[in-house]
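**Student:** Give the three-dimensional model of this entry:
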Amino acid sequence: MINKLGHPKGLYLLFTVEMWERFSYYGMRALLIFYLTKTWVEGGLGIDEQTGNLIYGFFTGFVYFTPIIGGWIADKYLGQRKSISIGAFTMMLGQFCLAYEQSHFFLFLGLALLIIGNGFFKPNISVLVGQLYQPNDKRKDAAFTIFYMGINLGALIAPLITGYLAIHYSYNYGFLAAGIGMLLGQVFFLSLSNKYLGDIGKKPSVTNQSNYSDKGNQPLTKEEKDRTKVIFFIVFFVIFFFAGFEQAGSSFSLYTEKYIHRDVFGFTIPAAWFQSINPLFIVLLAPLFTLLWNTLANKDKEPNIPVKMGFGMILLGLGFLLMVGAVMQRGGDVADSSIKANLAWLVFAYLLHTVGELCLSPIGLSMVSKLAPVKLASVLMGVWLMSSFVANIAAGFLASSVSKLGAFSIFGLIAGVSVCLGLVLLLINKRLYAMMHLNK
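**Tutor:** Numbering: from 1, shown residues only. I've put the predicted structure just below:
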């Protein structure tokens, strides 16, 4: 199932499944802050912006907390394949709850089902990607970048479709489309996984270790402990990255709707559509990054993982500096929504954030698959994803503070912290890389 110069065919199946799951999630996420804060007459729930940002932050946070539980259950009891299917159908029900009725009860029921379902789905599909390759296969970073394109292709299409349905019909139809996307992904997975994945992920890791290691249930070696420490250490830095990056769905969305000039050739771009800018750049740039990493790897000049991530954090900070420029163009944090900032500030901020994301997020997925001991593979993938749990809750508090402290202060704070932490990673990269015990 592997071409001599290519990738396993199973990678492209997982690409497709993840694309539809991300269509579902990002289609819902593009609508959520507006659904929470718009009035009942406008089809929303009439929640004030400060509370809405906190609900948004806690929801997107817990979406990334449950993967550590789902990863542990998969490793110990279910295996990755069953866990993915359980998660997919649970998330589909969550989307249908949001679509069923405009009410607080179905809002919280739907969000709870999405949180639980994502816990089963998210860590395990990433583990399957890693298991398609041998531990030291140089194609892994490129494979996860390709996989990341699936994530972002779904994220690109989803806000356009769900945003259109929300504007022209209702939010319920947008959530319904998100649920149907989840169903389509699972149809692909169930019908093609045996053909293209074989037995990968069918058994729990703890009962299948003999396929990978002769160590059984022995304690972790010093090398495995060092690698695990690196994962936890880098997770600490990644929390700060995503606390800034996840402003896209909350403070960025509200700021865009109020204070960014969105008229282009007589057409006012819906604020929800701007959620597609980042995935559009991902789809356009990811092949270039795949080519770049492969070319540099073949020449033994590829930057190590901490260096890539350090650059990612610096680029995030520079993107927020552009948003500070947008605030300054308006004359500061003035409440007058008739004074608009140029659209270019936002677009180029998203561009820098996207390049930073490509240096950090798919590389992190690949890192965990390389470094995690087999018996902890899904759990440590859950730990990686749990960084977004803390980050999204922090992002919710940051977004809710914009109304009190102003966008200038919040965007400037994120910019400064991101650049400083990126520089720290660059300074200590050799020590971290040595602890990974990887052979180039």
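
**Student:** mean confidence for stretch 339-351?
**Tutor:** On average, the pLDDT along stretch 339-351 is 94.

**Student:** How about stretch 34-47?
**Tutor:** Averaging pLDDT along stretch 34-47 gives 88.

**Student:** Straight-line length of that stretch, end to end?
**Tutor:** Terminal residues of stretch 34-47 lie 10 Å apart, using C-alpha to C-alpha, to the nearest Å.

**Student:** what residue ranges in the chain score low on pLDDT?
**Tutor:** 1-5, 135, 141, 205-217, 378, 439-440 (pLDDT under 70).

**Student:** mind listing the strands for it?
**Tutor:** Counting by DSSP state E, one finds strands in the chain at the ranges 263-264, 267-268.

**Student:** List the neighbours of the first one that are in contact with it.
**Tutor:** Spelled out, it's strand 263-264. Contacts of strand 263-264 with the rest of the structure, by C-beta atoms under 8 Å, 6 or more residues apart in numbering, involve 269, 343. In short, each C-beta sits where N, CA and C put it, glycine included.

**Student:** that older thread, got TSV for the strands of the chain, with mean neighbour count and distance to Leu254 too?
**Tutor:** Converted to TSV, those look like this (neighbours: other C-beta atoms under 10 Å; distance: least, C-beta to C-beta, whole Å):
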stretch	mean neighbour count	distance to Leu254
strand 263-264	10	18
strand 267-268	8	16
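
**Student:** Indicate which one of those is closest to Lys430.
**Tutor:** Closest to Lys430 of these is strand 263-264 (C-beta to C-beta; 46.9 Å).

**Student:** which ones are touching Gly185?
**Tutor:** Contacts of Gly185 were listed using C-beta under 8 Å, 6+ apart, and they are 16-21, 23-24, 88.

**Student:** for Val327, same thing?
**Tutor:** Val327 makes contact with 333, 341, 406-408, 411, according to C-beta under 8 Å, 6+ apart.

**Student:** I'd like to know how far Leu296 sits from Phe175.
**Tutor:** Between Leu296 and Phe175 the distance is 43 Å, computed by C-beta to C-beta, to the nearest Å.

**Student:** again, but for Leu358
**Tutor:** Per C-beta to C-beta, Leu358 is found 29 Å from Phe175.

**Student:** Next, the distance between the ends of stretch 336-345.
**Tutor:** Across stretch 336-345, the terminal residues are separated by 19 Å (C-alpha to C-alpha).

**Student:** Give me the buried positions along it.
**Tutor:** Of all the residues in stretch 336-345, those buried under the rule 16 or more other C-beta atoms under 10 Å are 340-341, 343, 345.

**Student:** So which of those residues are in helices?
**Tutor:** Of the buried residues of stretch 336-345, the ones assigned to helices by DSSP state H are 343, 345.

**Student:** what's the neighbour count on Leu45?
**Tutor:** Neighbour count for Leu45, taken as other C-beta atoms under 10 Å: 17.

**Student:** now the strands of the chain as CSV including distance to Tyr148?
**Tutor:** Formatted as CSV, these follow (distance: least, C-beta to C-beta, whole Å):
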stretch, distance to Tyr148
strand 263-264, 28
strand 267-268, 31
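
**Student:** For Gly249, which of those is the nearest?
**Tutor:** Nearest of the strands of the chain to Gly249, taken as C-beta to C-beta: strand 267-268 at 20.2 Å.

**Student:** Now do the same contact list for the closest residue in space to Tyr148 that isn't next to it in sequence.
**Tutor:** Closest residue to Tyr148 apart from its sequence neighbours, by C-beta to C-beta, 6 or more residues apart in numbering: Pro362 at 4.0 Å. When contacts are counted by C-beta under 8 Å, 6+ apart, Pro362 touches 141, 144-145, 147-148, 286.

**Student:** What separation do you get for Pro362 and Thr39?
**Tutor:** Pro362 sits 40 Å away from Thr39, going by C-beta to C-beta.

**Student:** Taking the buried residues of stretch 336-345, tell me the two that lie furthest apart.
**Tutor:** For those, the farthest-apart pair by C-beta to C-beta is Lys340 and Trp345; their separation is 10.5 Å.

**Student:** Return every residue with contacts to both of those two.
**Tutor:** Overlap of the contact sets of Lys340 and Trp345 (by C-beta under 8 Å, 6+ apart) consists of Ile260.

**Student:** re the thing from before, name only those of the contacts of Val327 that count as buried.
**Tutor:** Among those, those classed as buried by 16+ other C-beta under 10 Å are 333, 341, 407-408, 411.

**Student:** Looking at the residues you listed, which is nearest Met381?
**Tutor:** Using C-beta to C-beta, the buried ones among the contacts of Val327 come closest to Met381 at Phe411, 31.3 Å.

**Student:** Name the nearest residue to that closest one, ignoring sequence neighbours.
**Tutor:** In space, Phe411 comes closest to Met323 once its chain neighbours are excluded; the distance is 4.5 Å by C-beta to C-beta, 6+ apart.

**Student:** residue boundaries of the helices in the stretch 251-400 of the chain?
**Tutor:** With helices called from DSSP state H, counting those that start in this stretch, the stretch 251-400 of the chain shows them at 251-259, 277-298, 305-329, 343-371, 377-405.
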